[in-house]
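Visitor: take a look and give me a structure for this.
(2 chains)
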Amino acid sequence: MSQNFIYFLWDCLQYFINGIAQGSLYAMVALGYTMVYGIIRLVNFAHGEFLMIGAMCGFYALRAHLPMPAAILVAMLSSGIIAIAVERLVYRPIRKSGRIPALITAIGTSLFFQYFGQLVFGADPKTIPPFIDEKIYNLGEINVSNVQIAIFCITLFVLLFLFWLTHYTKVGKAMRAVSFNLPAAELMGINTNKIISFTFFLGAALAGLGGMLMGYTMSVEPMMGMNLGTKAFVAAVVGGIGIIPGAALGGFIIGIAENLVAGLYKSSFRDAVSFFILILILLVKPSGILGKNMKEKV
Amino acid sequence: MTTILEIKNVDVHYGAIHAVKKINLQLNKGEIVTLLGSNGAGKTTTLHTISGLLTPSGGEILFNGAPIHKMPAHKITSLGLAQSPEGRQVFANLTIRENLEMGAYLRNDKKEIEADLQYVYRLFPKLKERESQLAQTLSGGEQQMLAIARAYMSKPTLLLLDEPSLGIAPILVASIFKAIKEINEQKGMTILLVEQNAYLALSVSNRAYVLTNGEISLQGSAKELLANEEIKKAYLGH
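Guide: Numbering: from 1, shown residues only, chains lettered A, B, ... in the order given. As a prediction, the model looks like this:
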């Protein structure tokens, strides 16, 4: 084999690893998208803005000299609380008005927070340091940082946690029941509004966590939710929206594809490739990779 | 006899459609009462209004003497009123045991829940065999059994059953009705049954009401109605 080809393989491996780390973050954000969609069939376009608000609050917590774990907690809580408020004040009143009004409301909410963010936090980008001191390990021709490994492990942990929650706890089983049939769940005595609030909280808290972990690759600014939210949405749809493992799978695929294309070809194609994958999936399997072709419930 | 449920002059509207018109209905503790009627007569609407999935536009509903017609469905369930909805509506994505656990969602008495689980497994042994399978793998009749068992698991004092025989093999229908009778006799649960299979329903009931175009057109003891010429013509097929 020629020397060039071997270097090419090393490069691929490097981009693949970078892709897994970035994909972990997309996955974390996509989880919230997919959970909210699963429970009330709403594509919550304001999900990226929940992330932005969490990251902003986390940034100010750090500036107030809170330690990193506390700042992450602040970010998760503020994302979660804003999500509960938005669900209660904006989405709940229009929940029975159909899907198109809900979709438009979600887009409106997203825009509202983008500009509200500029007003409150200012438009200038802010930097969050990596959540642990970065160390880089050289393995042969590739570099792996402990931040990348930690992000991957945290995402795996979150996935396991969600599996445990939805299969072994009362509230988690109720989430699955509500997502399948809301009126029937109500008849069981389940306060479905509370379960929906909880789902929004949980999904947004994960977005807040993702926002803080992203600090090492990108800066925090009021419009950040737009790009990230769209990527996470694409990841959720690619994996099969409404399906928790699907969101994770979609996140990894998008992350890896972006890094391979940006590294091996042109970085300006980074954003295009995720939409290319989206179009491909919608053409071949519209319900997503793990999605089933669900019959409408009668 | 004590009254457990009283429906007074209840109206229900779907937008401009007046689905249920000033109906009056009363259930005594320990009874099985059937609500008969053809498709579109307002039977399911009446049940959904009792269980709180719909809100009446007029009149009141008293459960054990207290008004419930403005409460959300989950609150009404917590008072001891459970509904097995039309078309089963089991959680297909949950296992059979998880469905039953959802039925007992409001309860915290672990030992009693386990005892009730064993009771419904005795009533419907099929459910026990397939405890850890997803509900979507059950046949229609088995799903109906699960829906009734799930409603039972909240340990209600009043059980509403919407068309338990709909689209189910005759052999399973017989065992479902046997179970309904048993729940009523052994556990003293009051049951309001909505049915199209009039003969079967009347044969297990104490009393019945007939709903026609949203109004109560006839009521009486099950025996009277079984002998009634109009009922025979309309529902019993002779």
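Visitor: longest helix in chain A, please.
Guide: The longest helix of chain A (DSSP state H) is helix A:3-40.
Visitor: can you check chain B too?
Guide: helix B:170-187.
Visitor: ok, and what's touching the helix or strand following that one?
Guide: Once helix B:170-187 ends, the next helix or strand along the chain (criterion: DSSP states H and E) is strand B:190-195. Strand B:190-195 is contacted from outside by B:4-5, B:27-37, B:43-44, B:46-47, B:50, B:86, B:157-165, B:180, B:183-184, B:201, B:204-205, using C-beta atoms under 8 Å, 6 or more residues apart in numbering or on different chains. Using the backbone N, CA and C atoms, a C-beta is placed for each residue, glycine as well.
Visitor: so which of those residues belong to helices?
Guide: B:43-44, B:46-47, B:50, B:180, B:183-184, B:201, B:204.
Visitor: need these in a markdown table with distance to chain A and neighbour count, can you?
Guide: Shown next, in a markdown table, are these (distance: C-beta to the nearest C-beta, whole Å; neighbours: other C-beta atoms under 10 Å in any protein chain shown):
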| residue | distance to chain A | neighbour count |
| --- | --- | --- |
| B:43 | 17 | 25 |
| B:44 | 12 | 21 |
| B:46 | 15 | 30 |
| B:47 | 10 | 23 |
| B:50 | 11 | 26 |
| B:180 | 18 | 24 |
| B:183 | 17 | 22 |
| B:184 | 20 | 20 |
| B:201 | 21 | 27 |
| B:204 | 23 | 17 |
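Visitor: okay, now residue 10: neighbour count?
Guide: Just going to use chain A. 13 (other C-beta atoms under 10 Å in any protein chain shown).
Visitor: the intended chain is chain B.
Guide: There are 22 residues near residue B:10, going by other C-beta under 10 Å.
Visitor: for the residue in chain B that chain A sits nearest to, give me its contacts.
Guide: Relative to chain A, the nearest point of chain B is residue B:77 (3.6 Å; C-beta to the nearest C-beta). By C-beta under 8 Å, 6+ apart, the contact set of residue B:77 is A:186-189, B:51-52, B:106, B:154, B:156.
Visitor: how would you label it: helix, strand or coil?
Guide: Of the three states, residue B:77 takes helix according to DSSP: H, G, I helix; E, B strand; the rest coil.
Visitor: what number of residues lie near residue 31?
Guide: No chain was given, so I picked chain A. Neighbour tally, residue A:31, other C-beta under 10 Å: 29.
Visitor: let's do chain B instead
Guide: 18.
Visitor: backbone dihedrals for it, please?
Guide: Dihedral pair for residue B:31: phi -80, psi 160, per degrees, to the nearest 10.
Visitor: angles on the backbone of the closest residue in space to it that isn't next to it in sequence, please.
Guide: Leaving out its chain neighbours, the residue that sits closest to residue B:31 by C-beta to C-beta, 6 or more residues apart in numbering or on different chains is residue B:206, at 4.6 Å. The phi and psi values for residue B:206, taken as degrees, to the nearest 10, are phi -90, psi -50.
Visitor: likewise residue A:67?
Guide: According to degrees, to the nearest 10, residue A:67 has phi -70, psi 160.
Visitor: how far away is the residue of chain A found nearest chain B from residue B:114?
Guide: Nearest residue of chain A to chain B, counting by C-beta to the nearest C-beta: residue A:189, 3.6 Å away. Separation of residue A:189 from residue B:114 (C-beta to C-beta, to the nearest Å): 19 Å.
Visitor: got a list of what the spatially most central residue of chain B touches?
Guide: Per C-alpha atoms, centre = their mean, the C-alpha nearest to the average position across chain B is that of residue B:161, at 1.6 Å. Listed by C-beta under 8 Å, 6+ apart, the contact set of residue B:161 reads B:83-84, B:148, B:151, B:180, B:191-194.
Visitor: list the buried residues for stretch B:103-122?
Guide: B:103-107, B:113, B:116-117, B:119-121 (16 or more other C-beta atoms under 10 Å in any protein chain shown).
Visitor: show me what from chain B comes close to chain A.
Guide: Those residues of chain B that sit near chain A, judged by C-beta under 8 Å from any C-beta of the partner chain, are B:51-53, B:72-74, B:77-78, B:82-83, B:85, B:87, B:89-94, B:98, B:101-103, B:105-106, B:150-151, B:154.
Visitor: where along chain A do the helices fall?
Guide: Secondary structure of chain A (DSSP H): helices at A:3-40, A:47-63, A:68-86, A:99-121, A:146-168, A:170-180, A:182-187, A:192-213, A:224-239, A:244-264, A:270-284.
Visitor: can I get those helices in TSV including mean pLDDT and distance to chain B?
Guide: Shown next, in TSV, are those (pLDDT from 0 to 100; distance: least, C-beta to the nearest C-beta, whole Å):
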stretch	mean pLDDT	distance to chain B
helix A:3-40	92	10
helix A:47-63	95	23
helix A:68-86	96	19
helix A:99-121	94	17
helix A:146-168	95	9
helix A:170-180	95	5
helix A:182-187	95	4
helix A:192-213	96	7
helix A:224-239	92	17
helix A:244-264	93	12
helix A:270-284	91	23
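Visitor: would you turn these into a markdown table with distance to residue B:59?
Guide: Below are the helices of chain A laid out as a markdown table (distance: least, C-beta to C-beta, whole Å):
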| stretch | distance to residue B:59 |
| --- | --- |
| helix A:3-40 | 31 |
| helix A:47-63 | 43 |
| helix A:68-86 | 36 |
| helix A:99-121 | 32 |
| helix A:146-168 | 41 |
| helix A:170-180 | 30 |
| helix A:182-187 | 22 |
| helix A:192-213 | 26 |
| helix A:224-239 | 46 |
| helix A:244-264 | 44 |
| helix A:270-284 | 50 |
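Visitor: relative to residue B:217, which of these is closest?
Guide: helix A:182-187 (28.1 Å; C-beta to C-beta).
Visitor: how about the closest one: buried residues?
Guide: By 16+ other C-beta under 10 Å, the buried positions in helix A:182-187 come out as A:182, A:184-187.
Visitor: low-confidence ranges in chain B?
Guide: B:236-238 (pLDDT under 70).
Visitor: which residues of it fall in strands?
Guide: Taking DSSP state E, the strands of chain B run over residues B:3-14, B:17-28, B:32-37, B:58-63, B:66-67, B:81-84, B:158-162, B:190-195, B:207-212, B:215-221.
Visitor: neighbouring strands of the fourth one in the sheet, and parallel or not?
Guide: When pairs are called by DSSP bridges, strand B:58-63 turns out to pair with strand B:3-14 (antiparallel), strand B:66-67 (antiparallel).
Visitor: most tightly packed of the ones you listed?
Guide: strand B:3-14 (a mean of 18; mean count of other C-beta atoms under 10 Å in any protein chain shown).
Visitor: count of residues packed around residue A:85?
Guide: 12.
Visitor: roughly how far apart are it and residue B:95?
Guide: 35 Å.
Visitor: still on that earlier bit, can you lay out the strands of chain B as JSON lines showing distance to residue A:221?
Guide: Listed next are the strands of chain B as JSON lines, based on distance: least, C-beta to C-beta, whole Å:
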{"stretch": "strand B:3-14", "distance to residue A:221": "49"}
{"stretch": "strand B:17-28", "distance to residue A:221": "52"}
{"stretch": "strand B:32-37", "distance to residue A:221": "61"}
{"stretch": "strand B:58-63", "distance to residue A:221": "55"}
{"stretch": "strand B:66-67", "distance to residue A:221": "54"}
{"stretch": "strand B:81-84", "distance to residue A:221": "51"}
{"stretch": "strand B:158-162", "distance to residue A:221": "54"}
{"stretch": "strand B:190-195", "distance to residue A:221": "58"}
{"stretch": "strand B:207-212", "distance to residue A:221": "62"}
{"stretch": "strand B:215-221", "distance to residue A:221": "64"}
